[in-house]
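Colleague: coords please:
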Amino acid sequence: MGTSWSAQIVAPPEGCAAAIEAVLARIIEQMSNWEPDSAISRFNRAPVGEWMPLPTELLTVLRAGLDMARLSGGAFDPAIGRLVDRWGFGPAATAPAPYAIAAPWTRIEVERGHARRLADVTLDFSGIAKGFAVDAVAEELRALGVANFLVEIGGELRGDGIKPDIQPWWVDVEAPPGLTVPTLRVALGNLAIATSGDYRRFRMKDGARLSHSIDPAAGAPIAEGVASVTVLHDSAMLADAWATAITVMGPEHGMALATRHALAARLVLRTEAGAQEYMTPRLAAMLN
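Modeller: Numbers count the residues shown, from 1 in each chain. Here you go, the predicted structure:
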């Protein structure tokens, strides 16, 4: 996944680390665009129109991604792999030709345990797979009898239970570099948190910061401005996807959608005067 993982586990049984690594290896084998033999890479190479059976976990993420695309009006799109490659954030060695298919997610069809491409679009789960991996690791730990833990993968976290000192798993949300914002400290008790930020993966081109967050409607990285979006949710997978969608939609439309769906979310905007913070009523109530 191109990132690190960590886990704080109370009274871990023997073999915890190996069990976590096995879960992550399985997810990479299914969902990594950087592995040519992964299930997602093979699907992306399959002939257009041909049905292909997919592993259960990949199907789970694909269905969730398509649901998020519907909810966000396409701001989150699990089929923007061509655009990701086009802007230099994917595994392609050279940038492909300009890409003109609108709403790529609508060209993916799922039926029972199979899926197919209806046009030359490719799946990319970079805005949802890390969150799914956090949930999968948490599920594995619970299956091993672990009740109290904090799992982190690339800045996406889930906490269950409590620490040995009877305190919850307190975490501070990372502030975007160069901006002064109030510290957001939350207690993760059977709760997940995900943050999408323009400072995590970006390229500089002609003095401009190109974010890895792609706006499917524009066919290009999002305009400079949204520095970070943080979402709390029962599901790390959905927190991850919502953070991506809100980042693409921006402060007005993104936070309005988050409010309508009763999400706990914060957006930090870069302005000439410094940081401007937006917070949904659900998050404000949680912090009171």
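Colleague: count of residues packed around R112?
Modeller: Neighbourhood size, R112 [other Cβ atoms under 10 Å]: 8. Any C-beta I mention is one placed from the backbone N, CA and C, and that applies to glycine too.
Colleague: Let me see the backbone angles for the residue nearest to I214 when sequence neighbours are not counted.
Modeller: In space, and not counting its chain neighbours, I214 is closest to L83: 5.0 Å by Cβ to Cβ, 6 or more residues apart in numbering. Here is the backbone geometry of L83 (degrees, to the nearest 10): phi -70, psi -40.
Colleague: mind starting the numbering at 50 from now?
Modeller: Taking 50 as the first residue, the last one we looked at is L132.
Colleague: Export only the CA atoms of stretch 97-112, formatted as PDB.
Modeller: Extracted C-alpha coordinates of stretch 97-112, given in PDB (Å, rounded to 0.1, in the frame of the first residue of the first chain):
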ATOM      1  CA  VAL A  97     -14.100  -4.900 -22.000                       C
ATOM      2  CA  GLY A  98     -17.400  -6.600 -21.600                       C
ATOM      3  CA  GLU A  99     -16.000  -9.800 -20.200                       C
ATOM      4  CA  TRP A 100     -17.300 -11.000 -16.800                       C
ATOM      5  CA  MET A 101     -14.700 -11.900 -14.200                       C
ATOM      6  CA  PRO A 102     -15.100 -13.600 -10.800                       C
ATOM      7  CA  LEU A 103     -13.700 -11.400  -8.000                       C
ATOM      8  CA  PRO A 104     -12.500 -12.300  -4.500                       C
ATOM      9  CA  THR A 105     -15.100 -11.600  -1.800                       C
ATOM     10  CA  GLU A 106     -13.200  -8.700  -0.200                       C
ATOM     11  CA  LEU A 107     -12.500  -7.000  -3.500                       C
ATOM     12  CA  LEU A 108     -16.200  -7.200  -4.300                       C
ATOM     13  CA  THR A 109     -17.000  -5.700  -0.900                       C
ATOM     14  CA  VAL A 110     -14.800  -2.700  -1.500                       C
ATOM     15  CA  LEU A 111     -16.000  -2.400  -5.100                       C
ATOM     16  CA  ARG A 112     -19.700  -2.400  -4.100                       C
END
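Colleague: which other residues reach that stretch?
Modeller: 75-76, 79-80, 88-89, 91-92, 95, 127, 157, 159-160, 162-169, 172, 174, 177-178, 181, 185, 286 (Cβ atoms under 8 Å, 6 or more residues apart in numbering).
Colleague: Now the buried members of these.
Modeller: Among the contacts of stretch 97-112, those scoring as buried are 76, 79-80, 88-89, 92, 127, 157, 164-166, 172, 174, 177-178, 181, 185, 286 (criterion: 16 or more other Cβ atoms under 10 Å).
Colleague: what about the closest residue to P265 other than its chain neighbours, distance to T155?
Modeller: Using Cβ to Cβ, 6+ apart and skipping the chain neighbours, the partner closest in space to P265 is D126 (4.3 Å). Distance, D126 to T155, using Cβ to Cβ, to the nearest Å: 9 Å.
Colleague: between these two, who's got more neighbours?
Modeller: D126 (29 against 17).
Colleague: Looks like that one contacts R156 (just checking).
Modeller: No: using Cβ atoms under 8 Å, D126 is not in contact with R156; the gap is 10.3 Å.
Colleague: Walking through the stretch 150-299 of the chain, point out its strands one by one.
Modeller: With DSSP state E, counting those that start in this stretch as the criterion, the stretch 150-299 of the chain has strands at 157-160, 163-166, 198-202, 205-209, 218-221, 234-237, 240-246, 251-254, 257-260, 263-264, 269-270, 275-282.
Colleague: In JSON lines: those strands, plus mean pLDDT and distance to V297.
Modeller: As requested, these are exported to JSON lines (pLDDT from 0 to 100; distance: least, Cβ to Cβ, whole Å):
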{"stretch": "strand 157-160", "mean pLDDT": "98", "distance to V297": "18"}
{"stretch": "strand 163-166", "mean pLDDT": "98", "distance to V297": "22"}
{"stretch": "strand 198-202", "mean pLDDT": "97", "distance to V297": "22"}
{"stretch": "strand 205-209", "mean pLDDT": "97", "distance to V297": "17"}
{"stretch": "strand 218-221", "mean pLDDT": "96", "distance to V297": "25"}
{"stretch": "strand 234-237", "mean pLDDT": "95", "distance to V297": "23"}
{"stretch": "strand 240-246", "mean pLDDT": "94", "distance to V297": "9"}
{"stretch": "strand 251-254", "mean pLDDT": "56", "distance to V297": "15"}
{"stretch": "strand 257-260", "mean pLDDT": "58", "distance to V297": "10"}
{"stretch": "strand 263-264", "mean pLDDT": "84", "distance to V297": "5"}
{"stretch": "strand 269-270", "mean pLDDT": "76", "distance to V297": "10"}
{"stretch": "strand 275-282", "mean pLDDT": "96", "distance to V297": "8"}
